[in-house]
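> Have a look at this prediction, sequence included:
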Amino acid sequence: MKHSLRPVAAALLGLSAAALALPAAAQSTVQLSGIADAAARSVSNQGRGSVKSLVSGSNNTSRLVVRGTEDLGGGLSASFWLEHGIALDTGTSTAAGFWDRRSTLSLSGKSLGEVRMGRDYVPTYLNWVRFDPFSHVGVAGSNNSVSATPLGPIRSAFGSNANTTVRANDTLQYHLPGGLGGIDGQVMLGAGEGAGNKVIGARLGYVAGPLSLSAARVQTENANTSTGKFIDTAIGGTWNLGFLRANAVWRQFKQNQSKQTNLMLSGTVPVSTGEVKFSMIRVDLDGRVGTTSIDPNGSTHLGLGYVHTLSKRSALYGTCSRISNRGAATYQVPGGPAGLAGGGRSTGYELGMRHNF
Amino acid sequence: MKHSLRPVAAALLGLSAAALALPAAAQSTVQLSGIADAAARSVSNQGRGSVKSLVSGSNNTSRLVVRGTEDLGGGLSASFWLEHGIALDTGTSTAAGFWDRRSTLSLSGKSLGEVRMGRDYVPTYLNWVRFDPFSHVGVAGSNNSVSATPLGPIRSAFGSNANTTVRANDTLQYHLPGGLGGIDGQVMLGAGEGAGNKVIGARLGYVAGPLSLSAARVQTENANTSTGKFIDTAIGGTWNLGFLRANAVWRQFKQNQSKQTNLMLSGTVPVSTGEVKFSMIRVDLDGRVGTTSIDPNGSTHLGLGYVHTLSKRSALYGTCSRISNRGAATYQVPGGPAGLAGGGRSTGYELGMRHNF
Amino acid sequence: MKHSLRPVAAALLGLSAAALALPAAAQSTVQLSGIADAAARSVSNQGRGSVKSLVSGSNNTSRLVVRGTEDLGGGLSASFWLEHGIALDTGTSTAAGFWDRRSTLSLSGKSLGEVRMGRDYVPTYLNWVRFDPFSHVGVAGSNNSVSATPLGPIRSAFGSNANTTVRANDTLQYHLPGGLGGIDGQVMLGAGEGAGNKVIGARLGYVAGPLSLSAARVQTENANTSTGKFIDTAIGGTWNLGFLRANAVWRQFKQNQSKQTNLMLSGTVPVSTGEVKFSMIRVDLDGRVGTTSIDPNGSTHLGLGYVHTLSKRSALYGTCSRISNRGAATYQVPGGPAGLAGGGRSTGYELGMRHNF
């Protein structure tokens, strides 16, 4: 709209299009946008009572984005993306690193693809979250099943340091251009820089009409993985039936002798006033960490939600979820009381509002 | 370019140039604004000498605000507000939480009022600061009389943790709509979330011509208040005489056996080049904390200032103030030398500039 | 005004009101801009191997700038400048203070000059960096020769606290106006505020055709400098020959019985597709710190780079550098392996992209 406006307005006003570059910020192409999302939540943990809270980012993480693109001519463009996560309930940053969600610089060619540098999502995360109707967050978000808390490959590989199940620092990426007959993909390299996580990963996808399929793999090395790299694999697909968008995705984390396998079946049903969405995740731990067997541990997550559209940019939503653990596992809905025993049950619901700006 | 465009386009559209500002952010409704305020200050503490400093936010706290409103139709609107405090003198955030000053999401109806979620001012603070011509800040700001430093109900209830005398996290609010015949008001609830401050508060105000009256109360519970909730009450009024806007406000903090009572009389006198303003605050501590009597402690604060208008958005200002303590109290003008003895006197003055952007 | 404008303007331009969103930010003159800069780097330290990394800000520090100016009439203006440094590779702030790079408020008069308050560059830094074609950063940046790491006056005066070789907090400045026949200059005062760095400095410059000369001096006092102030002096000049812009600059840090002298010869050669640039820096330490002689210590830095212009705002670049130490000195190219021995050699190169937004 903005671009089509310029020549029209310029002609009307008898000025050159450049002169109508419309202000200050106008000379640059910087866009300031984001999401404000807040909800009232209640979470019960078996035998521990419940906690009521006001939370941030349950439909979509609250954030502030500064980004822009420059047309360099000849199909080339330069672009940058800075994304800051906000805990709207307390007015804090969601991570110590301010632009923790994404900070990248790109050089792109229409038919050449994109070279991207900086902190960004790993390919496996992208290949998981696209199948999660809850966008990885909230009481039913699949982040609840990707945790370093129960003993397993994630904890074993990263300890309490930053893991690479969502994002990685210091990376160089190449993304395929559009127009490859339904094929898209990317590769990511992070050199590790002596002390950090050395990352190598890729994703390949294919879209054919209502069907899409994609697979990704990320391998991480650090001091903790000296006895075996951390291997993260995700394979999934979507069948868009019109009345239902159905997804299935499988993700496996492996390190040394331990393995965590997550399987999610999910769907979105458009209704006249918004959409209904649901997911079922099964988590299975296998093998051992040191001499501790993690075989009996796992969980089943059920999530159900409704999003009521207020406008293109705003919505109200309600979500409920239940996590049933097995063995010593303590996966839980976030925001509940501390002290859930291994094998216990965690349930939660929330009512909130999301506003894109 | 920008400036030359405005008159041309404005003439065409039959509007003033200011009305046609037209920026980039144009596609969204995000507003980026704020305040830059800096001053040179000198503060003397009795028997301790003086300190000269360059300070931030003495007329109004330096800040950056990102906010926006979306019209949802039918009188409904969605809006958000993110506000970050800046220590302009050192280039740092005024608090560890970046959006510490305010981070809220609202759904409002013209005749229904506003539901607001997030971190925000408590009703009692709002019912105090509206009567303080120094906006709670600077050498004469009434924040100097709301301190956890001398032993009393604030220290007793919150220790060195965040207190709720200004803002609270994790809150749900309802604000009355406009058009209720001069009545305005709000309620605030914060569930506490197990570990934080559980807050319940309200404010009710009434405006009748040149007179306005309002009262607010906030009750806070946390681990430290198990033997008695922290009760914050504020009642005040304004009489606008035209040549003088006169205010009187009473605020009391209570917890367990301790009580702090602040009484402020203040006024603003418009002059041709700006405004003159003054305040007198009397602080009285009563009762005891543990076995320590705080009865003899208290202080008297005097403040006088002049704000010289440069434009609608910018001003120069000068302020002076004196705090006289009684008993063991050590209220003081901020920025002075350490070690003021109980009952000592603290005086300060500052010359500065404020710029709203 | 804004809302009433939309339908009018939209009708005139034949567009929907939504397309002409004309927002809010429109009323203010806030500019949001910055730089995104990232590079792949490899650094070898003699006897320690090499490290490959993805880094931020090698051609110019990645940053976000919020600034604005208000015309107050009569040649007066108010302006502010907030500048945040970004580590684009990891999505973090480059310093604990968010607006660490600059946070200032100014009142300026066309013929009166500018009064500026806040955190800003010290005059000596400005009088050094203007002669550094590598802008103080990257593998060949002259920041590599201004380090607190080898024992010398900087370490001795500031320990591990913030030093004033680049910026100072809490300062009041006066900058000369333009139009003084080629003369420009500034003075800076920082009161120290009891605990910080007390700073007093000035810079004076003269431009005559292709020649420019300038000198600056900054004196800092703090607890560590009680036995002798930290004195920072910088004198330099540029001769613009058209095909070559040649610079020479001398900078000396002194404290108590220790001295560090940096001499840089540098140049920039415009070529059709961008520019070639080079620098040579010789560092000499003299005297002693406590009973330790630092006389034998020093280094020689060589830097060579090429910047390939993609547009006015974007460029690709490649840089290489070598630092050869003498005595116990361990100056090094940033990003290399730890443990360089005194007198060792450090070399590095990088390939990157810079994008101004």
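Alright, I've got the coordinates.

> Let me know the pLDDT of A:H3.
What the model reports for A:H3 is a pLDDT of 35.

> If the closest residue in space to A:V187 that isn't next to it in sequence is in a bridge, with which residues?
Distances taken as Cβ to Cβ, 6 or more residues apart in numbering or on different chains place A:A202 nearest to A:V187, at 4.5 Å, with adjacent residues excluded. Bear in mind the C-beta positions are built from the backbone N, C-alpha and C, glycine included. Using DSSP bridges, the beta-bridge partners of A:A202 come out as A:V187, A:R217.

> In the stretch 151-300 of chain A, where is pLDDT below threshold?
A:194 (pLDDT under 70).

> tell me which parts of the stretch 51-200 of chain A are close to chain B?
When proximity is defined by Cβ under 8 Å from any Cβ of the partner chain, the stretch 51-200 of chain A lies next to chain B at A:51-54, A:56, A:64, A:86-93, A:98.

> Hmm, A:D286 is touching A:G327, no?
No - with contact defined as Cβ atoms under 8 Å, A:D286 does not reach A:G327; the gap is 11.3 Å.

> Now list whatever residues contact both of these two.
A:294-295 (Cβ atoms under 8 Å, 6 or more residues apart in numbering or on different chains).

> Contacts for stretch A:265-281, please.
Residues external to stretch A:265-281 that are found in contact with it (Cβ under 8 Å, 6+ apart): A:131-134, A:140, A:142, A:145, A:243-249, A:262-264, A:300-309, A:315.

> how far away is the residue nearest to the spatial centre of chain A from chain C?
In chain A, the centroid-proximal residue (Cα atoms, centre = their mean) is A:V129; its distance is 5.1 Å. Distance, A:V129 to chain C, using Cβ to the nearest Cβ, to the nearest Å: 18 Å.

> Can you give me the pLDDT of that residue?
For A:V129, the model assigns a pLDDT of 98.

> Does A:R63 touch A:E83 like I think?
Yes - counting by Cβ under 8 Å, A:R63 touches A:E83, with 5.8 Å between them.

> any common contacting residues for these two?
A:R101.

> thinking again about what came up before, for PyMOL, write a command that selects the buried ones of the residues of the stretch 51-200 of chain A next to chain B.
In PyMOL, this line selects whichever of these come out buried by 16 or more other Cβ atoms under 10 Å in any protein chain shown:
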select buried, chain A and resi 51+53+54+56+64+86+87+88+89+90+91+92+93+98
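
> near chain C, which of the residues of the stretch 51-200 of chain A next to chain B show up?
A:F98.

> Farthest pair within the residues of the stretch 51-200 of chain A next to chain B?
Across these, the longest distance by Cβ to Cβ is 29.7 Å; it joins A:K52 and A:F98.

> residues making contact with stretch A:174-191?
Contacts for stretch A:174-191 (Cβ under 8 Å, 6+ apart): A:109-116, A:120, A:122-123, A:168-173, A:196-208, A:218, C:51-54.

> Can you tell me how far the residue nearest to A:V187 is from A:V122?
Going from A:A202 to A:V122 by Cβ to Cβ, to the nearest Å gives 10 Å.

> repeat for A:N222
For A:N222 relative to A:V122 (Cβ to Cβ), the value is 14 Å.

> and the two? which has more neighbours close in?
Counted by other Cβ atoms under 10 Å in any protein chain shown, A:N222 and A:V122 do not tie: A:V122 has more neighbours, with 28 against 21.

> if I pick the closest residue to the more buried one other than its chain neighbours, what's in contact with it?
Ranked by Cβ to Cβ, 6+ apart and with sequence neighbours excluded, the top spatial neighbour of A:V122 is A:V218, at 4.8 Å. Listed by Cβ under 8 Å, 6+ apart, the contact set of A:V218 reads A:122-124, A:164, A:168, A:188, A:199-201, A:231-232.

> and with 7 Å instead?
A:V218 is in contact with A:122-124, A:164, A:199, A:201, A:232, counting by Cβ atoms under 7 Å, 6 or more residues apart in numbering or on different chains.

> again with A:S93
Contacts for A:S93 (Cβ under 7 Å, 6+ apart) come out as A:84-86, B:98.

> and if you look at A:L263?
So A:L263 contacts A:250, A:281-282 (Cβ under 7 Å, 6+ apart).

> Note down every partner strand of the strand or helix carrying it and its orientation.
If you go by DSSP states H and E, A:L263 is part of strand A:258-271. Next to strand A:258-271 in the sheet, as set by DSSP bridges, lie strand A:245-255 (antiparallel), strand A:274-289 (antiparallel).

> Pull out the buried residues from the last one.
Within strand A:274-289, the residues scored as buried using 16+ other Cβ under 10 Å are A:274-275, A:277-279, A:281, A:283-289.

> do stretch A:160-171 as well
A:162-171.

> Just the pLDDT for the residue in the stretch 201-350 of chain A positioned nearest to chain B.
Distance from chain B to each residue of the stretch 201-350 of chain A (Cβ to the nearest Cβ) is smallest for A:S314, at 4.2 Å. Per-residue pLDDT puts A:S314 at 98.

> now it, nearest residue through space, not along the chain?
Nearest non-adjacent residue to A:S314 (Cβ to Cβ, 6+ apart): B:A78, at 4.2 Å.

> Okay, the residue in the stretch 101-250 of chain A that chain B sits nearest to and C:S56: tell me how far apart.
With Cβ to the nearest Cβ, the shortest gap between the stretch 101-250 of chain A and chain B falls at A:R101, namely 13.8 Å. In this view, A:R101 and C:S56 are 16 Å apart by Cβ to Cβ.

> A:T225 contacts A:A157, doesn't it?
Yes - using Cβ atoms under 7 Å, A:T225 makes contact with A:A157 at a distance of 5.0 Å.

> can you map out the helices along chain A?
Assigned helices in chain A, in chain order: A:2-13, A:24-27, A:123-129, A:153-158 (criterion: DSSP state H).

> how many other residues sit next to A:T268?
Around A:T268 sit 18 other residues, with neighbours defined as other Cβ under 10 Å.

> gap between it and A:A246?
Separation of A:T268 from A:A246 (Cβ to Cβ): 8 Å.

> Please apply the same query to A:Q332.
Taking Cβ to Cβ as the criterion, A:Q332 is separated from A:A246 by 27 Å.

> Which one's more surrounded, the two?
For A:Q332 versus A:A246, the count of surrounding residues by other Cβ under 10 Å is larger for A:Q332: 26 against 16.

> Inside strands: which ones of the contacts of stretch A:265-281?
Members of the contacts of stretch A:265-281 lying in strands (criterion: DSSP state E): A:245-249, A:262-264, A:300-309, A:315.

> Measure how far the strand holding A:L263 is from the centre of its chain, please.
14 Å (Cα atoms, centre = their mean, to the nearest Å).

> Sort out which residues of it are buried, please.
Buried-residue list, strand A:258-271, by 16+ other Cβ under 10 Å: A:258-264, A:266-268.

> Spatially nearest residue to A:N262 (excluding sequence neighbours)?
A:R251 (4.7 Å).

> no no, A:A39
Leaving aside its chain neighbours, A:A39 sits nearest to A:G352 (2.5 Å; criterion: Cβ to Cβ, 6+ apart).

> And the one you found, how far from A:S56?
Note on A:G352: its distance to A:S56, by Cβ to Cβ, is 9 Å.

> joint contacts of the two?
Taking Cβ under 7 Å, 6+ apart as the criterion, A:G352 and A:S56 both touch A:37-38.

> picking up where we left off before, out of the contacts of stretch A:265-281, which are buried?
Taking 16+ other Cβ under 10 Å as the criterion, what is buried in the contacts of stretch A:265-281 is A:131-134, A:140, A:142, A:145, A:245-247, A:249, A:262-264, A:300-301, A:303-307, A:315.

> State the number of residues packed around the residue in the stretch 251-357 of chain A positioned nearest to chain C.
Ranking the residues of the stretch 251-357 of chain A by distance to chain C (Cβ to the nearest Cβ) places A:K312 first, at 10.2 Å. Residues within reach of A:K312, counting by other Cβ under 10 Å, total 8.
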